Each structure stands twice: as C-alpha cells, then as structure tokens.
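*Asks:* Here is a sequence with its predicted model. Questions after.
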Amino acid sequence: MTGNTRGAQAQSSAPVGASDAATRVQWLRDELDRYSYEYYVLDAPTVPDAEYDALFSELQALETEHPELLTDDSPTQRVGGAPLAAFDAVRHRMPMLSLNNGFEDDDVVNFDRRCAQGLGRPAPAAEEAPQDLFSQADASAGAVEYAAELKFDGLAMSLRYEHGKLVQAATRGDGETGEDVTVNVRTIKAIPLKLRGQAPEVLEVRGEVFMYRADFDKLNERQAEAGEKTFVNPRNAAAGSLRQLDPRITAKRPLSFFAYGLGELQGADRPVTHSVMLDGFAQLGLPVCTERKVVKGVQGLLGFYREIGARRDQLPYDIDGVVYKVNALAEQEQLGFVSRAPRFALAHKFPAQEMTTVVEDIEVQVGRTGAITPVARLAPVFVGGVTVTNATLHNEDEIRRKDVHIGDTVIVRRAGDVIPEVAAVVLERRPADARAFVMPTACPVCGSHIEKLEGEVIARCTGGLICAAQRKQALLHFAQRRAMDIEGLGDKLVEQLVDQGIVRTPADLYKLGVMKLAALDRMADKSAANIVTAIENSRAPVLNRFIFALGIRHVGESTAKDLAKHFGKLQAVMDADEAALLEVNDVGPVVAQSIANFFAEEHNRQVIEDLLASGVTPSESEPAARVPAPLAGKTFVLTGTLPTLSREDAKERLEAAGAKVAGSVSKKTDYVVAGAEAGSKLEKAQALGVAVIDEDGMLALLAAGAEQPDAG
C-alpha cells in the first residue's frame, strides 16, 4: 500500500475463539479486503500501513503453511506469478464499441437534437452556448436526461465477475476480440478480486485502467534511479505495464481503475439508468469516479464540459474530454447503434494541444499503397505529452494551402493519439531564406515515376511491388494483429527480410524456416522458432481478416467484414464486378472501383494463389441473404435544412438503401435533396440540370425505389 498511514488504528479485532487456521485465514482476508476498499475506493483509510502489512504477512504465512486454504481471490495473489509466454485472445460476448467524437459546441447541439428526435421528443431549438453554465432552470420539460462523466486517457478494460469473483480481464482490442490480461489485472489493488455484498451470477464491468499523475512521477523517478527507461506519459506507462508478460513487473506498477460501463449481466435486472448503475458498482466495491453529473439538455452538457475543462489541470489524472450518455438504459436501447458506435453517447474532446516550432526540412514518405506523403521534420517540441519531431503535411495541395516553407515557424497540433500535424504558419516569423517545397517527380525509394491522377489530391509511386517501401508496409499491414496476427514480425525484421530479398510478397512468409530467420541480425534460435510458430498459426484466418490483410485501398476492417458477410467466400469477392460490389453494405462507387481494380491486377491474384497454395485457408461461409438496394449506384447531395430529418439521418437512410451521399455537386450527381435556405449547391445543380427533390421526394424514392423525377 502507498502512503504513510491508513488512519489512527484498526477498527476491529480477531473474533473470539478463532483458533483454527481456516477461520483465521478467512478473517484476515475479510479485514484486508475491507481495508483495501476503504483505501482505494472510499479514499478513507482506517488503519496504518504497518498494521495492514502485519496482517498481510500473517496471511501469507498461514497460506504457505496450509496450501489447501489458498484461493485465487486471496489478497496475497496480487503479487504476480510466473511470466507468460503470450496473451490469449478473448472474444467479447458483447462488443466493446468506440464512441463518436465531438469537438465543437455545434456537435453537442446536434447530438442532443438527434437523441431527442430518436426518442420521439420535440427537437430542441438551436441556441447559443449557455451563459449560466450550471443552471438547469431553462431546460425544457422534454429535455433528454444525460449522464455526464470524464473521458480518461488510459486503457479500456473488461472485467468479468462470476458469483462475485473476478474470473477474467481482457483488453478492448479491436472491439470484438481482446487479450486476456487476467493475471496482470489481479495485481491492481484498486480492482476487487471479490465483490462486496450480493453480486449477480455474471457481471461484466467495463472501465479504464490508468495511472495517477503523482504515481506516474514516482514510477519515473524509480525507473531513472535504476537506470531503466522512463515513460513519456501516464497513458503509455499504464498500457505498457498492463501488457507485461511478467506479471511481477505489473505488480510493481501503480495502476488504478475506474468502472464506467456494463457488459454482460446474468442473475440480476439491468439498472434503470446509467447513474444508478454506477452507484451500484460503488456498492459492490468497484472504484467509480465521483466527477460525474446527471444533466438535462444541451445546456447541461456544455455546462459540465466547461466546468471540467476549467479544472482539467487540477485533476489528479489525465483526461482528454468528457463523455455524454443518455441516462435511461431503455432509451439507450431505443436509440441503438450506428456502425461501430452508439447513437446514445458522444465523447466531447477538449481542444487539441498546440505548440510552435521550426520546420527544418520537408521530406516525403512512401506508404503501403504508394501514397506520397510530405512530412515536416521539426525542431523537437513537447506537445500533448510527447516530444514531436515529425508532423504530417498530408499532401502537396495542403502545403500550398497553408503556405508552409522550409524554415518557417509553425503551430504544431496533437490531439490524443492522432498523428501530429502542422496546423498553421506564423508568417510574421518567416526568415528571408525560407524555401518553398517542391514535390519530387521520382519515388525516393525505387526511382519510379510519381503520378497524381485527375480528381485526386494524393500523389502515388507507380512502382507497386517493386518498390521496397510499399513491400515493407504491405507486409507489416498483412502481419498486424487485426489482420493475420503474426506476432513478432515487426519493422526491423521486415526491413531485413525485404532488403535481403528473402521476402517479396506475403506468400513468401510461409516459406520461412527457423534456420533462415536465425541467420538474420539480432535473431536468436528461440525468437526465430517463435515467429515460425506464429506464421504457422496464421494459416487459418477468418475471411474478413484475410481480406483486410490484403491491403486493398479504401478497404478497412469494417468494409472487410461487410464483404465477407455479403459474399461468404473469397472467390466470390475476387470475381465480383462493380455492380455486385455496390450491393454490399456501405460500399460506394469509389470503394467498389478500388476493390474491382485490385482483383483485376494479375499480380494480386497471383499473390493470393501463392498464399492458398502455401496452406493459408481463410474460413468461409454461405453468403448472407441478399437485401435489395433500390438506390445502389445513385449519388445524392444534401443541402439546406430539411423539415423533419437532420442531414445525418437523411444520409443514413440513403446509404442504407445503397446510395452514395457526396459533399459536392457534379455531373455525376443523380439527385440534390434541397431544404430551406439551400445555397450554392442548389444553384450548381440547376445549372448542370441535376434532378432536385425535396425531403418528401427523397422519402418517396426510398419507399418505391429509384424512380427518376423531372429535373427541377
């Protein structure tokens, strides 16, 4: 335990007649659990550290003398056991979804309006930010009630309790599959191994593992004194500590935990509201943050945001925003989900952290798809908890728009884990010798021509698989955890494999043997054997992971899942034309063309053939039942304010019917849906002769299929 004291003295003593070991052991465990609860959850210690330590030592001695009395929920089992070989995968029974982000007041206003409309309440009138930040007096009677809480900068965690005992802890992972870190989580003293009171048969608690700033500073002091690596920020320290294969190391790290969500629940009724749920967690002995409120309407939401923002630097832990959730769980279910995020919740992020520095040079990087990305090489600057030396400039057009020169003083922005970017140039500090950037015409890696296609902002290397940079990135993408999950195949090893000509395509990975790998620099026999084993274990991926691993442009994890679900079989995906691809959920013309072009290339098919010949066998299933997409292939543009639908709701309905919703009007636009105060988009549609319809016309199309109205 940390700190010098828990309080004046113990509040209880051993029961009379507790002479046998079993009774004494149980009494010691109950007392130690109570003291930990008072210390970590209530923040109200009642005994000095010395007394706690004496009772803990006595319990250890008794369990050593009577090993038959040892249980996995004993306080002594937090010290960590033998090192693990690797973390096992855990499939979440209920997905751990991410949240949509908001950055401006308007995002919160729109979120509140969508929630109200989704619940069948009158949409709140547009209003400016509240002047009285804490007053609820002007909240309308129909305003939605929300639970407002903090967005912690840590690592999301799922804790599974069965009959009150902690049986499993898993990281969020990709939302569907995480890593089993139970042994490490047992070392976190803030997390109860056994719940207090009457616990449900099964209770899955979602929360955040994090590190208090003071604990982080002490950890870095100890690391420095021991001559070991120090950590950049509390989040990295927490994540690194939790993923140690040796739980004894985790046990020495000062990790903490806050519960904030509910997963699976059996043997008990679900709570009525989110706030009641958190109160229930606290009664069970789970740590719950007290910085939370129940508020109403957008005024309450923005008031909480400003209140916390004003005190952000004084909080004992790092946060990067606040989270709003519709309070009533029945209303959460009514609102449901969209894509990978709930409609009933929003993460309202704090403004990005910014600093000024100097652009020392501008170079280009070649991505796995050949994309040429200009990168600013910066004089080192500390932004958002890390030292930044590079920042993305996105593309040549962006450099011109921001007028970035080599030698300029620039504002660098970093928000959370987002890649740092150059936000703006401080023109008054531009030196006389500042130089404009010139995009190279040849790839810096392979010398191939760089091209920029009409209508695209990204320039690309035409070298394809002959370009070592693309091969390296393609192999790293193929091997990543969310694709083929080949553990150990990292940057340095891939660099050697490509540079030495050992691996040219992903199929070559399955020809590697221990002897060939062990001959590489810094590669021992054991490490080589582990990588060969990981490669062997990757031969039977689920189909969506295999599709994602191919690195098809515009095909992320979500699209790969949709393709696998829709077609069921790899060959069906490969043989699908653009028309067939447009029937897939969320696949529009650009993505369909990208997929079709990928499989039209003979060398891509050859790589897949080689993978299958080497024993890679993606799991397949029967294709999902075809759902007609009446507006497939049609492009819509929304403009103005619609009478009953928000622009996002209209977009969702159109995309669900197979349509693409674009942001600008062109000759390829099929319909412009115009509402009140429509502007330049309406004028351009009329000039181009594009069909213009109102909300009723759009709803009629959705109901009856793509009937062509007259252009208006």
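*Replies:* Looks like it arrived, so ask away. Residues are numbered from 1 along each chain as shown.
*Asks:* Wait, F210 touches P254, no?
*Replies:* No - using CB atoms under 8 Å, F210 makes no contact with P254, being 10.4 Å away. Just so you know, the C-beta spots here come from the backbone N, C-alpha and C atoms, and that holds for glycine as well.
*Asks:* So for those two, which sits in the more crowded spot?
*Replies:* F210 (26 against 20; other CB atoms under 10 Å).
*Asks:* who's the more buried one bridged to?
*Replies:* S256 (DSSP bridges).
*Asks:* Ok, K165 next?
*Replies:* E162, K194.
*Asks:* and it, what does it touch?
*Replies:* 72-73, 193-195 (CB atoms under 8 Å, 6 or more residues apart in numbering).
*Asks:* can you rerun that using 10 Å?
*Replies:* 71-73, 192-195, 199 (CB atoms under 10 Å, 6 or more residues apart in numbering).
*Asks:* excluding its backbone neighbours, what's nearest T639?
*Replies:* K681 (4.0 Å; CB to CB, 6 or more residues apart in numbering).
*Asks:* and that neighbour, which of the three is it?
*Replies:* Following DSSP: H, G, I helix; E, B strand; the rest coil, K681 is assigned to helix.
*Asks:* For E456, see how far away it is.
*Replies:* 22 Å (CB to CB, to the nearest Å).
*Asks:* go on, V375?
*Replies:* 19 Å.
*Asks:* Tabulate the CA atom coordinates of the strand or helix carrying E51 in CSV.
*Replies:* Using DSSP states H and E, E51 maps to helix 49-65. In CSV, the C-alpha atoms belonging to helix 49-65 read as follows (Å, rounded to 0.1, in the frame of the first residue of the first chain):
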residue,chain,number,x,y,z
ASP,A,49,0.3,0.8,6.7
ALA,A,50,2.3,-1.1,9.3
GLU,A,51,-0.8,-2.8,10.7
TYR,A,52,-2.0,-3.7,7.2
ASP,A,53,1.4,-5.1,6.4
ALA,A,54,1.5,-7.2,9.6
LEU,A,55,-1.9,-8.8,8.8
PHE,A,56,-0.8,-9.4,5.2
SER,A,57,2.4,-11.1,6.3
GLU,A,58,0.4,-13.3,8.7
LEU,A,59,-2.0,-14.3,5.9
GLN,A,60,0.9,-15.2,3.6
ALA,A,61,2.5,-17.3,6.4
LEU,A,62,-0.8,-19.2,7.0
GLU,A,63,-1.4,-19.9,3.3
THR,A,64,2.2,-21.2,3.0
GLU,A,65,1.7,-23.5,6.0
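*Asks:* Would you indicate which residues of stretch 167-187 are buried?
*Replies:* Residues 169-173, 176-187 are the ones in stretch 167-187 that count as buried (16 or more other CB atoms under 10 Å).
*Asks:* returning to that earlier point: in terms of neighbours, single out the busier of K681 and E456.
*Replies:* K681 (21 against 11).
*Asks:* Report the contact partners of the more buried one.
*Replies:* Here K681 is in contact with 637-640, 663-665, 669, 672-674, 690, 692 (CB under 10 Å, 6+ apart).
*Asks:* and the two most separated of those?
*Replies:* Pairwise distances across those peak at 16.7 Å for G663 and V692 (criterion: CB to CB).
*Asks:* the more surrounded of those two?
*Replies:* Using other CB under 10 Å, the more surrounded residue of G663 and V692 is V692, with 22 against 7.
*Asks:* That one is in contact with A685, isn't it?
*Replies:* Yes - V692 lies in contact with A685 (CB atoms under 10 Å); the separation is 5.4 Å.
*Asks:* Overlap of the contact sets of these two?
*Replies:* Joint contacts of V692 and A685 (CB under 10 Å, 6+ apart) are 637, 639, 665, 671-674, 678, 711-712.
*Asks:* Any of the residues you listed buried? List them.
*Replies:* Of those, these count as buried by 16+ other CB under 10 Å: 637, 639, 665, 671-674, 678.
*Asks:* Need the three-state assignment for R368.
*Replies:* Classified using three-state DSSP, R368 is coil.
*Asks:* burial of the nearest residue to it once chain neighbours are set aside, as a residue count?
*Replies:* Closest residue to R368 apart from its sequence neighbours, by CB to CB, 6+ apart: Q473 at 3.1 Å. Q473: 22 surrounding residues under other CB under 10 Å.
*Asks:* swap in the one 10 residues further on?
*Replies:* Neighbours of A483 under the rule other CB under 10 Å: 23.
*Asks:* Can you tell me which residue is spatially central in this protein?
*Replies:* Note on the chain: the residue nearest the mean C-alpha position is S98, at 5.9 Å, using CA atoms, centre = their mean.
*Asks:* List the contacts of that one.
*Replies:* Here S98 is in contact with 156, 172, 175, 339-342, 345, 347 (CB under 10 Å, 6+ apart).
*Asks:* do that again at 8 Å, thanks
*Replies:* 175, 340-341 are the contacts of S98 under CB under 8 Å, 6+ apart.
*Asks:* between these, which is nearest P234?
*Replies:* Nearest member of these to P234, counting by CB to CB, is G175, at 23.5 Å.
*Asks:* on that earlier part again, what helices and strands are in contact with the helix holding E51?
*Replies:* Judged by 3 or more CB pairs under 8 Å, 6 or more residues apart in numbering; DSSP states H and E, helix 49-65 is in contact with helix 21-36.
*Asks:* could you give the mean pLDDT of the helix it packs on?
*Replies:* Helix 21-36 carries an average pLDDT of 86.
*Asks:* Off-centre distance for it?
*Replies:* 40 Å (CA atoms, centre = their mean, to the nearest Å).
*Asks:* Return it as CSV; C-alpha atoms alone will do.
*Replies:* Provided in CSV are the C-alpha atoms of helix 21-36 (Å, rounded to 0.1, in the frame of the first residue of the first chain):
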residue,chain,number,x,y,z
ALA,A,21,-6.3,-21.8,10.6
ALA,A,22,-9.3,-21.8,8.2
THR,A,23,-11.2,-19.4,10.4
ARG,A,24,-8.2,-17.1,10.9
VAL,A,25,-7.4,-17.1,7.2
GLN,A,26,-11.0,-16.1,6.3
TRP,A,27,-11.0,-13.3,8.9
LEU,A,28,-7.7,-12.0,7.7
ARG,A,29,-8.9,-11.9,4.1
ASP,A,30,-12.1,-10.1,5.1
GLU,A,31,-10.2,-7.5,7.0
LEU,A,32,-7.6,-6.9,4.3
ASP,A,33,-10.4,-6.6,1.7
ARG,A,34,-12.2,-4.1,3.8
TYR,A,35,-9.1,-2.0,4.4
SER,A,36,-8.3,-2.1,0.6
